[in-house]
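>>> coords below, sequence missing:
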């Protein structure tokens, strides 16, 4: 295994939910911008030091520091502050400001240090373009509270994590900008994936005035349903007892059978939702397990792909096919290539150290976040749905953002750009599709005027996988917000060893990238959205 991943794995496992801060490609294709974001730059009306004396915002400014221009970054005023009780934030104000605000969301259980390198690539890129940049720790310190233990007997931390931290961080920094430059931001943007994507949904629903544009990737917007999904997956794993070799065999069989259904054999299933797959009917059975699957394995797979049902009602969808084979993965936020792994690893089956990260995350959430009463001794194997379902409903309004009513966000001109990988086992893609379908039921053909969803075949959680996974959604979002140019196609690529090896168009749902029948399958021009 890659040396970097070996070093990082203990930290990832200790921190709870596998951190995924974003796709990592925001601001990488700014040559496609239709507006000059570095035109009409503003200069500060105050000195950096004077921000330390601002005392009438809902925050305590703990330190300010003027940082002179370097080869990589412009002159800036760096501000640290605290919003009571425990929301820490960092904001960086450029000496030449373009009038815009860029806010980053959190990953995992949040709690990232505002003095660390979380999403530094994107934040630095935004700062170089003249954006104010900011993010918060979500209301707690992950280093002090492993997993989800930060939520134990603390409704305040749960509220801050769920929605309050992002909102107040955004409000306070807008107020500081108005003081520092004598002008409020003209446009405000949010960028987040996983937990961050869910934060984007919450902002659009709860605080529609906060952002003009929201880039929400693999959104964790309905934790109760998602955690039931993860719980059900672990029950299925108890039945089938899969390891990486069994998943690899499964992936090879599925890919041979379904790769060409979308009209092209390219190592990726283009639209899993269009495939009728039933393990008992479609997989070879072999009592020895060598050339097929045993009865117990088929039983477990039927649970995985069929979803969770209780009293005749589906509580969570099954997983989509197409994420079984090993694909690209990355170590942390620096995108150092790690050993290829299936999306199932650490989410359904054991990882390198024999543990299953998502099982541990799920147990912590049931102990400290999902239920009306915390229970540190709860064992996930003893969960009784008749007991926990009504108790989960009491917490759902705080934790979730499932309301399709985006009227206020839409009426003020807000734009919501959503993306999710079809190979994502961490955040079930069908949940995201279902939410977008409910938007379409409510707003009809007008939905695409303010909200668009891009389903990415073969992409894992936020990035990586079997297909393209790098695309600049932020540039597309800015063009949409400020120039009214809706992103009919977003160009995406796959990178191996520093070079681009595949390009594809990302299509707004329900369109899919369809092969034209001729041409290089690794070139975007061989596909069109249909």
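Received the coordinates, thanks. Treat the numbers as computed from the prediction; the structure is a model and nothing was measured. Numbers count the residues shown, from 1 in each chain.
>>> Residue 145: what's it in contact with?
Contacts of residue 145 were listed using CB atoms under 8 Å, 6 or more residues apart in numbering, and they are residue 111. Every C-beta, even on glycine, is put in place using the N, C-alpha and C of the backbone.
>>> And it, how far from residue 506?
Distance, residue 145 to residue 506, by CB to CB, to the nearest Å: 37 Å.
>>> How about residue 466?
Here residue 466 is placed at a distance of 15 Å from residue 506 (CB to CB).
>>> Residue 146 too?
In this view, residue 146 and residue 506 are 36 Å apart by CB to CB.
>>> now residue 272
The gap separating residue 272 from residue 506 is 16 Å, by CB to CB.
>>> Equivalent analysis for residue 363, please.
35 Å.
>>> Now residue 40: phi and psi?
The phi/psi pair for residue 40 (degrees, to the nearest 10) reads phi 60, psi 50.
>>> number of nearby residues for the closest residue to it other than its chain neighbours?
The shortest distance from residue 40 to any non-neighbouring residue, by CB to CB, 6 or more residues apart in numbering, is to residue 99 (7.3 Å). The burial count assigned to residue 99 is 19, neighbours taken as other CB atoms under 10 Å.
>>> any idea of the pLDDT on residue 99?
The predicted local confidence for residue 99 comes out at a pLDDT of 98.
>>> was I right about it contacting residue 183?
Yes: taking contacts as CB atoms under 8 Å, residue 99 lies within contact range of residue 183: 7.1 Å.
>>> what residues do those two have in common as contacts?
By CB under 8 Å, 6+ apart, residue 99 and residue 183 have these common neighbours: residue 42.
>>> Looking at residue 363 and residue 506, which has the bigger crowd around it?
When neighbours are counted by other CB under 10 Å, residue 363 and residue 506 differ, and residue 506 comes out ahead with 25 against 21.
>>> For that one, which residues are in contact?
By CB under 8 Å, 6+ apart, residue 506 lies in contact with 419, 454, 456, 468, 471, 489-492, 513.
>>> what do you get for residue 492?
If a contact means CB under 8 Å, 6+ apart, then residue 492 has 456, 468-471, 503-506 as its contacts.
>>> List the buried residues of the helix or strand where it lies.
Secondary structure here is read from DSSP states H and E; on that basis residue 492 sits in strand 490-496. By neighbour count on 16 or more other CB atoms under 10 Å, the buried set for strand 490-496 is 490-495.
>>> now swap in stretch 210-226 and tell me
Neighbour-count burial for stretch 210-226, with 16+ other CB under 10 Å as criterion, is recorded at 210-226.
>>> Tell me how many other residues crowd residue 72.
Residue 72, neighbours per other CB under 10 Å, totals 8.
>>> close enough to count as contact, it and residue 123?
No: taking CB under 8 Å as the definition, residue 72 is not a contact partner of residue 123, at 12.0 Å.
>>> ok, so what distance separates residue 389 from residue 147?
When distances are taken as CB to CB, residue 389 and residue 147 turn out to be 23 Å apart.
>>> Which of the two has more residues huddled nearby?
Relative neighbour count places residue 147 above the other of residue 389 and residue 147, with 21 against 14, counting by other CB under 10 Å.
>>> That one reaches residue 111, doesn't it?
No: checked against CB under 8 Å, the pair residue 147 and residue 111 is beyond contact range at 10.2 Å.
>>> Is it possible to get TSV of the contacts of residue 506 that adds pLDDT?
Listed next are the contacts of residue 506 as TSV, based on pLDDT from 0 to 100:
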residue	pLDDT
419	98
454	98
456	98
468	96
471	97
489	97
490	98
491	98
492	98
513	97
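>>> so which of these is the most crowded?
Counting neighbours by other CB under 10 Å, the one among these with the most is residue 456, which has 29 neighbours.
>>> Pop out the phi and psi values for it.
phi -110, psi 110.
>>> Can you give me the distance of residue 225 to residue 89?
As it turns out, when the distance is counted by CB to CB, residue 225 lies 30 Å from residue 89.
>>> should've said residue 473
Spatial separation of residue 473 from residue 89 under the definition CB to CB is 24 Å.
>>> Kindly report the same for residue 519.
As for residue 519, its distance to residue 89 is 49 Å (criterion: CB to CB).
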